[in-house]
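>>> I'll drop the sequence and a predicted model, then ask my questions.
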Number of protein chains: 4
Amino acid sequence: MKPNYQFKKPAFFIVLLSTLSIVKGQEKGDPKLTEVWEPEPKVVTPGVNNDPPSDAIVLFDGSSLKDWKGKDGKAPWVLEGGAMTVKPQTGAIQTKRAFGDVQLHIEWRTPAKIEGEGQGRGNSGIFLQGLYEVQVLDSYENRTYANGQAGSIYKQHIPLANACRPPGEWQTYDIIYQAPLFKSDGSLGRPARVTVIHNGVLIQNSVELEGPSLYIGRPKYKAHAEKLPLVLQDHNNPVSYRNIWIREL
Amino acid sequence: MKPNYQFKKPAFFIVLLSTLSIVKGQEKGDPKLTEVWEPEPKVVTPGVNNDPPSDAIVLFDGSSLKDWKGKDGKAPWVLEGGAMTVKPQTGAIQTKRAFGDVQLHIEWRTPAKIEGEGQGRGNSGIFLQGLYEVQVLDSYENRTYANGQAGSIYKQHIPLANACRPPGEWQTYDIIYQAPLFKSDGSLGRPARVTVIHNGVLIQNSVELEGPSLYIGRPKYKAHAEKLPLVLQDHNNPVSYRNIWIREL
Amino acid sequence: MKPNYQFKKPAFFIVLLSTLSIVKGQEKGDPKLTEVWEPEPKVVTPGVNNDPPSDAIVLFDGSSLKDWKGKDGKAPWVLEGGAMTVKPQTGAIQTKRAFGDVQLHIEWRTPAKIEGEGQGRGNSGIFLQGLYEVQVLDSYENRTYANGQAGSIYKQHIPLANACRPPGEWQTYDIIYQAPLFKSDGSLGRPARVTVIHNGVLIQNSVELEGPSLYIGRPKYKAHAEKLPLVLQDHNNPVSYRNIWIREL
Amino acid sequence: MKPNYQFKKPAFFIVLLSTLSIVKGQEKGDPKLTEVWEPEPKVVTPGVNNDPPSDAIVLFDGSSLKDWKGKDGKAPWVLEGGAMTVKPQTGAIQTKRAFGDVQLHIEWRTPAKIEGEGQGRGNSGIFLQGLYEVQVLDSYENRTYANGQAGSIYKQHIPLANACRPPGEWQTYDIIYQAPLFKSDGSLGRPARVTVIHNGVLIQNSVELEGPSLYIGRPKYKAHAEKLPLVLQDHNNPVSYRNIWIREL
């Protein structure tokens, strides 16, 4: 295959297209040598109308908080209208199950009635493994530090775009998370990585984390289990969540 | 911050949750030191009801093939019902614009009437930069080699799942693509990488490509321009496409 | 800092040099903010005249084979002249200790009397963790397949150069090895990586391994312990080794 | 190949060793399928007694400063005893040639007569591409901030060990450097990476740089040419250099 990439020549176009016919057609050798039949990927039935795929673990479908717990046992947040809403001062909630590498779908909504500003408006957070935060904030026409706005990896990575919908509207995060791995001596084997798609817009592109999210100081990894619960933060604002599902990778 | 990861102890839960209040509250030092205000991410208005985000380049909205061309100039595929459909034997089509790193949304449909089997059923392909193929195939109850089924990076990476919808139904690919970079001596500077979400299911997780997709033989990089057109393949089956948009990263 | 990279302008040189005085001198802010005092690196006394550093684990200093074992217990190779030499048909030997990530120094010599050709001349191998082979071969004016010559990662990575000394002369490999890590479900967490410096010449530059070295077929990872013994291969040729030391990373 | 990694069982050892005979012996299939003959690596004659390899560009062999220049043209440092020594207040010197990815060997010596302390004792620096500093300092029993001691990537990466020889003795750095690449829009395509072996001891293991070395503030990449000169710093201390050679990768 000898593509010719001199784009300004009229010849290029034909070359590129003819290349394609070569790709699946006319070279020498046995094409079967590069076929791989095993393993056969498992069948996953995708969701219809925003429903979870068939292999997802549904963490919240609007009907109960049974898969979550709070600091005194039962998750104390408000269940209403198919959503769960932070009950300020009751503390964070976390999943009963623990997770490592995952694909996570989660929907969130900041209060329609605007109150506060900067970090004080519609603040909550999704802590992957309870340690690595994807910021939830009403960043619609509400400036704060870039590495602390909605979709930031808190104080580590500025989002590529501000894709917020207005307060009061439901928003989605589709997250691909690679958990860190530690060697048995406690040193870091591989760092955590996060990709975030916010309302369909890529805002974090496989960024590498420096360690757990910190409000003060520079992050630093500390060895932990391979799987840990997902945590949603109570930051004193009545932020709501719905349609939360996770797929183990 | 001293998390306690002895999960089986009842103490753990409280420690993890109290850690969170520490994260945004009680450590020593000046939290402003780790605030980063610039650059401020650009505002992107996300789409509603599957529409493209505000900064997307719309490559096909169902109304015309004006952004595409074929081997003899005008793109010869069939425009009908808001979709464009492969016209067998007319050849691949490609975008008039060239692209490097992108987020790509594309929808595709294989014929409702099942014909052929294996690689012969509903075959087409999305060639990123005209060289790196994400396979399009009717893989719904239609076995073929795993590294050649729908969502494979053709003959390089088996998809993590078979998330196909039945023939005749529209399906989505959301693709995050990192183009390869070459040094001025023609050697590879960084490889291509692809993430694919198929109907909402992650099927390729930032996989590294070995080179252009080949039907025969082992792939090998060859230096090319930083930006190249997107190509859709004519593999003799009347596969349809719609709602194609791309965001430059 | 505003470097000016228009090299052909005479102004460039002064700009680059003056940049350097800026680097350590004249910017605004407190330089102490980016000083990190902990952890203080451990002191390692480097070797003199090719001796091991103070923190190295000496695996062979020429005096005994006590740190190695063979298939029936005691390592059956020949100890003579400060070197150990493969005793054909007695099998591979391996270290009693197991290792993960390491810096390895090893010296080897193929027979001065040339016998055989291709893979048949002075063949042995250094199997990191008993699985991942850095090829040892007399590749001095002795052609074989490039991914099987001295310094290749056997059948995976061609060396960047053929830096062999003539048969009968001692040669060095300085190897930096990152062991693979596996998740508890047995899937790959991070791949193995190898850097090799052969007689002072970089021949493998942090290449990623696809799996264990195989004579036939494509390699594929299979979960194993974090630490495994180092193995030296008996390939029926009386290849010698000396001055072997390893540092755990 | 079915390795058995239950190390504590006596059976393990035999399994591992017998695995090795399998590796090059008894599997099914054609071993020729995984032989790769091209490209044949170039022959490089390694150096004897610390001499450069045959393909190295010798930047300083002790006889002249002809390959270097200073801010007013000719490199103003002192040439004596086969070494070149910083002439304080004359400024940095840089190579006439520019380099991208390289293997660099360089030897350095801090003054035998101890003067100053911390950053004030035997301070100089090797600026890869004039921007990315591997620190040169007399760190033998001379504490300073860890990310500023000998072998640090200045203010970015603490060395893994303090492998300094005493002042007045010659020391070596063997450096593997991957230059950053930038896309045509000026954004970062891949970051710089550095490996450093200090007196035979690995002290930087393919660390990723955040940007150019800065005395004050956080580093940030700024697009620059693919190749740039190597710079040696004048930090007012009479540090000496010798036997400098570089291989383009």
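Nice, thanks for sending it over.

>>> show me the contacts for residue A:168.
Listed by CB atoms under 8 Å, 6 or more residues apart in numbering or on different chains, the contact set of residue A:168 reads A:109, A:110, A:111, A:112, A:113. (Each C-beta comes from the backbone N, C-alpha and C, glycine too.)

>>> Can you name the two of those that sit furthest apart?
Maximum pairwise distance among those (CB to CB): 12.0 Å, between A:109 and A:113.

>>> With neighbour numbers in mind, choose between the two.
residue A:109 (21 against 8; other CB atoms under 10 Å in any protein chain shown).

>>> On the pLDDT front, check residue A:89 for me.
Looking at residue A:89, its pLDDT reads 96.

>>> Hmm, it is touching residue A:234, no?
Yes - between residue A:89 and residue A:234 there is a contact under CB atoms under 8 Å: 7.3 Å.

>>> more crowded one of those two?
In this view residue A:89 and residue A:234 are compared by other CB under 10 Å, and residue A:234 has more residues nearby, 26 against 8.

>>> residue closest to the middle of chain A?
residue A:175 (1.7 Å; CA atoms, centre = their mean).

>>> Which helix or strand contains that one?
Taking DSSP states H and E as the criterion, residue A:175 maps to strand A:171-178.

>>> now what about that strand, what contacts it?
A:101-109, A:126, A:128, A:132, A:134, A:151, A:164-165, A:190, A:192-200, A:206, A:249, B:195, B:197, B:200, B:202, B:205-206.

>>> Select from those every entry located in helices.
Using DSSP state H, no member of those sits in helices.

>>> need the contact list for the closest residue to residue A:137 other than its chain neighbours.
Leaving aside its sequence neighbours, residue A:137 sits nearest to residue A:150 (CB to CB, 6 or more residues apart in numbering or on different chains; 4.5 Å). Residues counted as contacts of residue A:150 (CB under 8 Å, 6+ apart) are A:135, A:136, A:137, A:138, A:139, A:159, A:162, A:164, A:198.

>>> at 10 Å what do you get?
Taking CB atoms under 10 Å, 6 or more residues apart in numbering or on different chains, we find residue A:150 in contact with A:108, A:110, A:122-123, A:134-140, A:142, A:144, A:159, A:162-165, A:171, A:173, A:198, A:203, B:41.

>>> Against chain B, how distant is residue A:142?
According to CB to the nearest CB, to the nearest Å, residue A:142 stands 12 Å off from chain B.

>>> what's the answer for residue A:180, then?
Counting by CB to the nearest CB, the gap from residue A:180 to chain B is 13 Å.

>>> and residue A:227, how many neighbours?
17.

>>> Do you know the pLDDT at it?
So, for residue A:227, pLDDT stands at 98.

>>> wait, doesn't it sit right on residue A:179?
Yes - if you go by CB atoms under 10 Å, residue A:227 and residue A:179 touch, sitting 7.6 Å apart.

>>> shared neighbours of those two, which are they?
Common neighbours of residue A:227 and residue A:179, using CB under 10 Å, 6+ apart, are A:99, A:100, A:101, A:102, A:129, C:183.

>>> Could you list which of the contacts of strand A:171-178 belong to strands?
In strands, judged by DSSP state E, the following of the contacts of strand A:171-178 are found: A:102-109, A:126, A:128, A:132, A:134, A:190, A:193-198, A:206, B:195, B:197, B:202, B:205-206.

>>> Common neighbours of residue A:89 and residue A:234, please.
Listed as contacting both residue A:89 and residue A:234 by CB under 10 Å, 6+ apart are residue A:76.

>>> returning to that earlier point: return only those of the contacts of strand A:171-178 found close to chain C.
A:101, A:190, A:249 (CB under 10 Å from any CB of the partner chain).

>>> any idea which of those residues is closest to chain D?
residue A:190 (13.1 Å; CB to the nearest CB).

>>> What residues are recorded as beta-bridge partners of the closest one?
Going by DSSP bridges, residue A:190 is paired in beta bridges with residue A:181.

>>> ok, residue A:79 to residue A:96 distance?
With distances taken as CB to CB, to the nearest Å, residue A:79 is found 16 Å from residue A:96.

>>> Of the two, which one has the most company?
Remark: of residue A:79 and residue A:96, residue A:79 carries more neighbours, 14 against 11, as counted by other CB under 10 Å.

>>> Cool, thanks, signing off.
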